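**Q** pasting the structure only:
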C-alpha cells in the first residue's frame, strides 16, 4: 500500500506546481483589470462618457470572473494539500510516525476513565491517535465514545463489522472522504487567519466571538424595514448615476450617495451579520459538505449499515439541494472578504442586505439541515476510523458470543500500537475463573494483559482485531494497571488500587447478566509484601467468585498456589528471560506454568546500579 500512496503523493505534487503557476498569473492579471476598471470608471464619470462607462463595467465583470477563477484555483490547491496530508498520515501509520499526530483524543479523556487510560485508548500514543480520520468534532467525539466503550454496540456487532470491513476494502473512498473532511477544517482555519490579520485580533478571540454570535443568531430574522433599504440603496445610486451621465447632476453627487449607502450598510452590519450567520458558518464549507454527502450517496454499498446511511441521505427531502443552495449564497458572501470590493458593493448596492435576505429565506426553509448532515458525516468518520486499523495492520474478524461459556480463545494475538516489524504475537486458551501470570521484569506480562484487553475493545466496537483467530465472550472490562496516587485528595497508590478492585467486586457480586473481565497488573504493589499477599489472596478469591474471569500479573510466586472459593486451583502462565553472550534477552512469549526465574539484579547491573 505504501508504494501506491507514495506514487499518488508525487503525482499530486506535480499537479500543485502547475496550478501554483496559473494561480499567480491570474492574481497579477486580476489586479491590473481592477485598476483599469477604476481608472475607466473615474474618467467616464468625470467626462460623462458612456462608452468608457460600459468599458469600465465590462472590466468589472471580467474582474469578478477572475476573482471566481482565482477562488476556484485556491479551492483546488486546498483540496490537493488536504489529500497530500491524508496520504502522508497513512504512510506514517505504516512507518510508526503516527505518535506525532496532533489529534490524540485527549480532550475526551476523563480522569475517571480508567479503561481508556490503562489501555491507551485515548490520549498520547493511543489507539485513537493511530486510527482517527475524523475531522469534525462530532466524528471525533463519536469515535472516542465508541473505543472507550461508552457506546453500547453489542446488539449490532456483525453489521458494524460488515460496514467497517467494506470501508477497509474501499481505501480510495476513505482517502477522498478524509481529504474533503479535512478541507472543511482547513478552510475554517484559513478564514480565522484572514480575520485575525484584517482585524489584528487573536484567532482564539475570534472563535469565542463566533460562539457568542451563534447563540444570538438563533432568533435573528430579516425585519421588514430592511426590505426598504435593500431596494432604496441600489435604486438611489442608479438614479444618481443616470442623472450625472445626463448632465443634470454634478459627478460629486455619486460620491455623496455612495458614502450614504456605505454608512448605512456598515452601521447595520451587527444586525445583518446575525442573519447571515448560517452562511458565515457553513457557506464556505457547504461545497465540501455537499461533496461528502455526494461521495456517500453515489456509493453502492452492500452492508446494511452503510446502505441505511445512504438511504438516510436520499430520504431526507432536499438535503443535498439545501446544502447546494447555501453554497451558492456563500459564493456571493465570500466577496465580503475582499474589503475594497465589499466597500464598493455595500455603498452602491447595499450588498449585505441582499445576502441577509437570501440567508433568512434559507434558514426558514432548511432548519436543522446541517445538524443532520454533520451527524451522517460523523457516523461515517467513526466507521472509517475503525476501518483504518485493517489498512495498516493485519486483522481478522472476531467472534463474540453472548452465552455463559467464559472462555478466551486467541491465536497469534498482538498489540496494535506496537511496531509491526518487532511485535511478538501470542496464543492462549483462558477458561479458568482465575489466571495468574508470573514473570521476570520487562518480560511481557503487562503487555499481554493489555493486548488481550485492547483487542476485546476492538471486537466490541465492530472492528477487526489484531490476531489470527479471536473468540471471546461479551464482557464488561475492568482494569487496574496504571494506578496513581492523588496527593490533593489524600489517596495513596495502595488505596487507589483498593478503590479500583472494590469497583470490580461490587460489579461481580451484584448478579449482573454481563460477566466481568478483571485485569489486574502487579496486584497491591503499593504496600509491603506480607500485607500484599494476604490482601491479594482475599481480593482475588472475592473477584473470582462472581460472574467473572480474573487475569492477574504478579511477582509474588506465592500467589501461584491460590485457589478460588470453590477450591479450584488458579491457572498459571508465565513469561521468562534468557541470556545470550551474557546479555539479558526476552522472547515475550507466554508459556504454561509458573515462572521460576528472576532478573531484577541483572537489570540493575544493566543500569549500572549494581557492580557485582
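**A** Done, it's in. Here the structure is a predicted model, which means the values were calculated and not measured.
**Q** could you point out where the stretch 451-600 of the chain is predicted with low confidence?
**A** 485-490, 597-600 (pLDDT under 70).
**Q** er, the chain I mean
**A** For the chain, counting by pLDDT under 70, the residues that fall below are 1-2, 186-187, 189-216, 485-490, 597-612.
**Q** who touches stretch 419-433?
**A** Stretch 419-433 is contacted from outside by 94, 96, 393, 406-415, 444, 448, 451, 467-468, 544-545, 548-551, 564, 568, 570-571, 573, 587-590, using Cβ atoms under 8 Å, 6 or more residues apart in numbering. For glycine as for every other residue, the C-beta is placed from the backbone atoms N, C-alpha and C.
**Q** for stretch 48-62, that is, sorry about that
**A** The contact list for stretch 48-62 (Cβ under 8 Å, 6+ apart) reads 33-34, 36-38, 40-41, 43-45, 244-245, 247.
**Q** CSV for these, including secondary structure, neighbour count and distance to residue 104?
**A** Shown next, in CSV, are the contacts of stretch 48-62 (DSSP: H, G, I helix; E, B strand; the rest coil; neighbours: other Cβ atoms under 10 Å; distance: Cβ to Cβ, whole Å):
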residue, secondary structure, neighbour count, distance to residue 104
33, helix, 20, 48
34, helix, 20, 46
36, helix, 16, 52
37, helix, 19, 51
38, helix, 16, 51
40, helix, 21, 56
41, helix, 19, 55
43, helix, 14, 61
44, helix, 20, 60
45, helix, 19, 60
244, helix, 19, 63
245, helix, 17, 64
247, coil, 8, 71
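**Q** which of these lies closest to residue 532?
**A** residue 34 (79.7 Å; Cβ to Cβ).
**Q** hmm, back to that, any of the contacts of stretch 419-433 buried? List them.
**A** Buried members of the contacts of stretch 419-433, scored by 16 or more other Cβ atoms under 10 Å, are 393, 406, 408, 410, 413-415, 444, 448, 451, 467, 544-545, 548-551, 564, 570-571, 573, 588, 590.
**Q** which ones among the residues you listed are found in strands?
**A** If you go by DSSP state E, the buried ones among the contacts of stretch 419-433 have 408, 410, 413, 548, 549, 550, 551, 571, 573 in strands.
**Q** Touching, the last one and residue 592? I think so.
**A** Yes. Taking Cβ atoms under 8 Å as the definition, residue 573 is a contact partner of residue 592 at 6.3 Å.
**Q** Which phi and psi values does the residue positioned nearest the centre of the chain adopt?
**A** For the chain, the residue sitting closest to the mean C-alpha position, by Cα atoms, centre = their mean, is residue 134 at 3.0 Å. Dihedral pair for residue 134: phi -80, psi 140, per degrees, to the nearest 10.
**Q** Please apply the same query to residue 377.
**A** Main-chain torsions, residue 377, degrees, to the nearest 10: phi -60, psi -40.
**Q** just residue 516 next, same as before
**A** Backbone dihedrals for residue 516, given as degrees, to the nearest 10, come out at phi -110, psi 140.
**Q** what do you get for residue 578?
**A** phi -150, psi 170.
**Q** Which strand or helix spans residue 483?
**A** Using DSSP states H and E, residue 483 falls within no helix or strand.
**Q** Enumerate every residue touching it.
**A** 493, 496, 497, 500, 526.
**Q** and if you look at residue 551?
**A** Applying Cβ under 8 Å, 6+ apart, we find residue 551 in contact with 430, 435, 437, 449, 452, 517, 518, 519, 520.
**Q** Who wins on neighbours among those?
**A** Neighbour counts for these (other Cβ atoms under 10 Å) peak at residue 518, which has 28 neighbours.
**Q** Any idea what it is bridged to?
**A** For residue 518, the beta-bridge partners are residue 478, residue 550 (DSSP bridges).
**Q** closest to residue 538 among the contacts of stretch 48-62?
**A** When these are ranked by distance to residue 538 (Cβ to Cβ), residue 34 comes first, at 83.4 Å.
**Q** Excluding sequence neighbours, find me the nearest residue to that closest one.
**A** Leaving aside its chain neighbours, residue 34 sits nearest to residue 63 (5.0 Å; criterion: Cβ to Cβ, 6 or more residues apart in numbering).
**Q** do residue 104 as well
**A** Excluding the flanking residues, the one nearest residue 104 by Cβ to Cβ, 6+ apart is residue 129, at 4.0 Å.
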